[in-house]
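> The sequence and its predicted three-dimensional model are supplied below.
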Amino acid sequence: MNFDLRLVADEGQLPTDSAATSVSIVVPFLDECATLEPLFSRVREVMDTTGRPWEMIFVDDGSRDGGDAIVVELARGNRNVTLIRFTRNFGKASALSAGIAQAHGDIILTIDADLQDDPTEIPRFLEKLSEGYDVVSGWKQMRNDPIRKTLPSRIFNRMTAKMFDIDLHDINCGFKAYTRRAAKRLNLYGELHRFTPALLHAVGYRCTEIPVQHHAREHGQSKYGTMRMIKGLLDLSTVKLLTRYQSRPLHFFAMIGFPLLLLGTSFIAYLSVLWLLGMGPIGTRPLLFIGILLTVTGMQILGVGLVAELLQASGLKERDKYVIDKTVSQNQPCRSEGLL
């Protein structure tokens, strides 16, 4: 018997002909008019040497310095330039989401507009993706920023890598390359753009990194202050919940609520034994109030977990429970879902 095994939906491979692999470059910007035209020129020089079809998508995240007018002029002279302009500042995560949604390429690159990332590194990202990875993150080994930025960033990156068991040194680097299927999987909001490798690694996508050049800032100023570290620490718990406990939220809340409930009931049981043995009264002991507080708090947290389970069971789509790498069938014709 002859079997005709056909690939039904292979979302894990890029086109075998590298020249046919299209590239979308997403550039979020905010008040960086001085760098937009030089960045485009450098990207164009690099992409023209690759021979690949490409596009560049600029996302104006509420700029007030006329940067959108510069991109409009670039778009008039270049058919592969697109401008997305927000009505106000919605944040980098929203800008990246809009750019990725607009992108048509087999590969989607993200790069900051401040010229600290070097576009000449783009071919190295493309080469690394061709080895079978879904995400390639830049690693700024020699970072040209003041220590008030580099030291918190190193601490943050180590904490994130340890918490999510991902072997990357610079998770927060804005210079990244994704296969189309990986990028389209992202659902970014708030500050989650910092954690894209962790989010994708959690559902089985293959992530790696390459060292990249990092230049000193020549124009504009950083958009992040001291609150960045605080926000990042708060977002760690959000990402942990999304990646590890999205399909079983009760387990997350039980880790907090059950120990409190157990400790509270132990205090109450201990005092109850004393009362039964005639070693009371116990009504005035602080331990009784502490036990009641811990018991009630633990039950409330567990209740939140149960409600989350009900919401998850009623609202989670089948597609969100898993990620298909590929499907092979004897009878069905080859079908492409456009998720490479």
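Arrived safely. Residues are numbered from 1 along each chain as shown.
> For the stretch 151-300 of the chain, give me the ranges with low pLDDT.
In the predicted model of the stretch 151-300 of the chain, residues 217-233, 246 satisfy pLDDT under 70.
> how about the strands of it, start to end?
Assigned by DSSP state E, counting those that start in this stretch, the stretch 151-300 of the chain shows strands spanning 176-179, 207-211.
> what residues does the longest one touch?
Okay, so that is strand 207-211. Strand 207-211 is contacted from outside by 121, 124-125, 128, 133-139, 141, 166, 168-170, 197, 200-201, using Cβ atoms under 8 Å, 6 or more residues apart in numbering. In this view, the C-beta of every residue, glycine as well, is placed from N, C-alpha and C.
> again with the shortest one
Contact partners of strand 176-179, identified using Cβ under 8 Å, 6+ apart, comprise 12, 14, 106-110, 122, 125-126, 128-129, 133-138, 196-197, 200, 340.
> re earlier: sitting in helices, which of the contacts of strand 207-211 do you find?
Mapping the contacts of strand 207-211 onto helices (DSSP state H) picks out 124-125, 128, 197, 200-201.
> Which of these sits closest to Lys184?
Nearest to Lys184, judged by Cβ to Cβ, of those is Leu200 at 10.9 Å.
> Tell me, how many residues neighbour the closest one?
23 (other Cβ atoms under 10 Å).
> distance of it from Arg88?
29 Å (Cβ to Cβ, to the nearest Å).
> Also Phe289?
Relative to Arg88, Phe289 is positioned 49 Å away (Cβ to Cβ).
> Also Leu36?
According to Cβ to Cβ, Leu36 and Arg88 sit 19 Å apart.
> go on, Arg244?
Counting by Cβ to Cβ - Arg244 and Arg88 are separated by 34 Å.
> Specify which residue of the two has the higher count of neighbours.
Shown here are Arg244 and Arg88; by other Cβ under 10 Å, Arg244 has more neighbours (14 against 6).
> so what's that one up against?
Residues near Arg244 by Cβ under 8 Å, 6+ apart: 202, 252.
> May I have the helix or strand containing Ser41 as CSV, with CA atoms only?
According to DSSP states H and E, Ser41 maps onto helix 33-50. Extracted in CSV, the C-alpha atoms of helix 33-50 (Å, rounded to 0.1, in the frame of the first residue of the first chain):
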residue,chain,number,x,y,z
CYS,A,33,11.9,62.8,14.5
ALA,A,34,15.7,63.2,14.1
THR,A,35,16.3,59.5,13.8
LEU,A,36,13.5,58.3,11.5
GLU,A,37,15.0,59.1,8.1
PRO,A,38,18.5,58.0,9.0
LEU,A,39,17.1,54.7,10.4
PHE,A,40,15.1,54.1,7.2
SER,A,41,18.2,54.8,5.0
ARG,A,42,20.3,52.4,6.9
VAL,A,43,17.7,49.7,6.9
ARG,A,44,17.1,50.1,3.2
GLU,A,45,20.9,49.7,2.5
VAL,A,46,21.0,46.5,4.5
MET,A,47,17.8,45.0,3.1
ASP,A,48,18.7,45.7,-0.5
THR,A,49,21.8,43.6,0.0
THR,A,50,19.7,40.6,1.1
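> what's it packed up against?
Packed against helix 33-50 by the contact rule (3 or more Cβ pairs under 8 Å, 6 or more residues apart in numbering; DSSP states H and E) you find strand 23-29, strand 54-60, helix 67-77, helix 122-129.
> any idea of the angle that helix forms with strand 23-29?
Relative orientation of helix 33-50 versus strand 23-29 (axes from the mean of the first three to the mean of the last three Cα atoms, to 10 degrees): 170 degrees.
> What residues of helix 33-50 count as buried?
Going by neighbour count (16 or more other Cβ atoms under 10 Å), the buried part of helix 33-50 is 33-36, 39-40, 43-44, 46-47.
> got it, and stretch 278-297?
Buried-residue list, stretch 278-297, by 16+ other Cβ under 10 Å: 288, 291, 294-295.
> how much space is there between Asp60 and Leu288?
On the measure of Cβ to Cβ, Asp60 and Leu288 end up 60 Å apart.
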